[in-house]
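*Asks:* Build the 3D model from these lines:
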Amino acid sequence: MRASLPVRSPRWSLTVATLAALPLSLAAGCAAAPVARMSLAEAGLAPAAPALLAAAEPEPVIPPVAVAAPESVASEEPEGPPIDPTLIRFGADARARRGRPGPARGFPADAEQAWRALAAELDGYLARALPQTPVLELVRAQVTVEAEWDYDQRRWGAPPAELAGQVAARAARLGQRIRAARALGLTMFTKRPPGPLRWPIEHAGLTSPFGMRAHPITGAPNMHAGIDLGAERGRVVGAAARGYVVRAGWVGGYGLLVEVRHPGDLTTRYGHLSALLCAPGDAVDPGQPLGLVGQTGVATGPHLHFEVWKDGAPRDPLAMLGGGTQLAGLTAFGGR
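*Replies:* Model (predicted):
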């Protein structure tokens, strides 16, 4: 006798049929009631009307730069003279002002004027591009400004508030420029090209600049046609450039003098020597010994009086000596 199979439930059969028919019903319902789309206007993306486009002004065309930036802005060649000669003259004049007799306290008018002129010079120097202000020049400028300002306040007391603000602002700008230069690295700063003349004495101190001054012995105003470089007696003096000796001997107030003629109608003179190491007619190379530092002639101390003549007229030697990069600083040898 076989076991009987269970009888399928009719409810199950209906349920399967109903499920099979559901997709067709849904499809039919979707076709009957489609979902409405959002228009571009309703979405805020509709293009402007033709009338509005016609009324709008055309976009202006920006032309290219008419005049290109000067090439020197991107160059590492110096755009102007170094600041060192200005600082040297300022320091020498400041020492002379502090040494003269006068009221014990109170800033004199000429000192105020000199500081304002120096502030203007520093403004022009700091207006250059960063590579045009070598970090060593910046450090020398900051040290000179702070030292001379301190000396003047010790001599005359508190300065006018406006002047103090100007000096403090320039010192701060120098410090900021130094920090920026160091942050960028020293490799971006090229060495300033040397001047046409080399220094006759290495690492000497400037004791008197070129120009009008009071004579150190008579006190009368006179033209100082060169610069005085303070150095110990017996230091070797070298030729500033290639040339030939046209004079070597005693010449009045110059004492023992050597005069060298160079190409381009250029002449250099070396005065107050204690000994001569050359003779007229000698051909000399740059740096070749000419004599020794001394105090011959009219001089108040051992030093070298150095002159530069161009086209028959005396010129400021500092402008041709590479910017004072080999000056040891403002020294007080006392020579004139």
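*Asks:* Counting by contacts, list what the lengthiest strand in the chain packs against.
*Replies:* Secondary structure of the chain per DSSP state E: the longest strand is strand 266-276. Here strand 266-276 touches strand 243-250, strand 256-262, strand 289-293, strand 303-310, going by 3 or more C-beta pairs under 8 Å, 6 or more residues apart in numbering; DSSP states H and E. Any C-beta I mention is one placed from the backbone N, CA and C, and that applies to glycine too.
*Asks:* Could you list the residues in contact with the helix or strand that that strand is followed by?
*Replies:* The helix or strand immediately downstream of strand 266-276 is strand 283-284, counting by DSSP states H and E. With contact meaning C-beta atoms under 8 Å, 6 or more residues apart in numbering, strand 283-284 is reached by 239, 242, 243, 244, 245, 260, 278, 290.
*Asks:* show me where the protein has helices.
*Replies:* Listed in chain order, the helices of the chain (DSSP state H) span 10-32, 50-55, 84-99, 109-126, 135-156, 161-184.
*Asks:* closest to residue 310 out of the ones you listed?
*Replies:* helix 84-99 (16.8 Å; C-beta to C-beta).
*Asks:* C-alpha coordinates for that closest one, PDB please?
*Replies:* The C-alpha coordinates for helix 84-99 follow below in PDB (Å, rounded to 0.1, in the frame of the first residue of the first chain):
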ATOM      1  CA  ASP A  84      78.500 102.000   2.400                       C
ATOM      2  CA  PRO A  85      79.900 105.400   1.200                       C
ATOM      3  CA  THR A  86      76.800 107.200   2.500                       C
ATOM      4  CA  LEU A  87      77.200 105.600   5.900                       C
ATOM      5  CA  ILE A  88      80.900 106.300   6.000                       C
ATOM      6  CA  ARG A  89      80.400 110.000   5.400                       C
ATOM      7  CA  PHE A  90      77.500 110.200   7.800                       C
ATOM      8  CA  GLY A  91      79.600 108.500  10.600                       C
ATOM      9  CA  ALA A  92      82.600 110.800  10.000                       C
ATOM     10  CA  ASP A  93      80.400 113.900  10.000                       C
ATOM     11  CA  ALA A  94      78.600 112.700  13.200                       C
ATOM     12  CA  ARG A  95      81.900 112.300  15.000                       C
ATOM     13  CA  ALA A  96      82.900 115.800  14.000                       C
ATOM     14  CA  ARG A  97      79.600 117.200  15.300                       C
ATOM     15  CA  ARG A  98      79.900 115.400  18.600                       C
ATOM     16  CA  GLY A  99      83.500 116.600  19.100                       C
END
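*Asks:* In it, which residues are buried?
*Replies:* By neighbour count on 16 or more other C-beta atoms under 10 Å, the buried set for helix 84-99 is 84, 85, 86, 87, 88, 89, 90, 91, 92, 93, 94, 98.
*Asks:* now stretch 239-258
*Replies:* Neighbour counts over stretch 239-258 (16+ other C-beta under 10 Å) mark 239, 240, 241, 243, 245, 248, 251, 254, 255, 256, 257, 258 as buried.
*Asks:* Can you pick out the most distant pair from these?
*Replies:* Maximum pairwise distance among the buried residues of stretch 239-258 (C-beta to C-beta): 22.6 Å, between 241 and 255.
*Asks:* got the domain boundaries for the protein?
*Replies:* 75-188, 205-320 (automatic domain parsing).
*Asks:* among these, which is the most enclosed?
*Replies:* Most buried of these, by mean neighbour count (mean count of other C-beta atoms under 10 Å): domain 205-320, with a mean of 18.
*Asks:* any idea of the mean pLDDT for that one?
*Replies:* The pLDDT scores in domain 205-320 average 88.
*Asks:* Ends of that domain, what's the gap?
*Replies:* Start-to-end span of domain 205-320 (C-alpha to C-alpha, to the nearest Å) is 17 Å.
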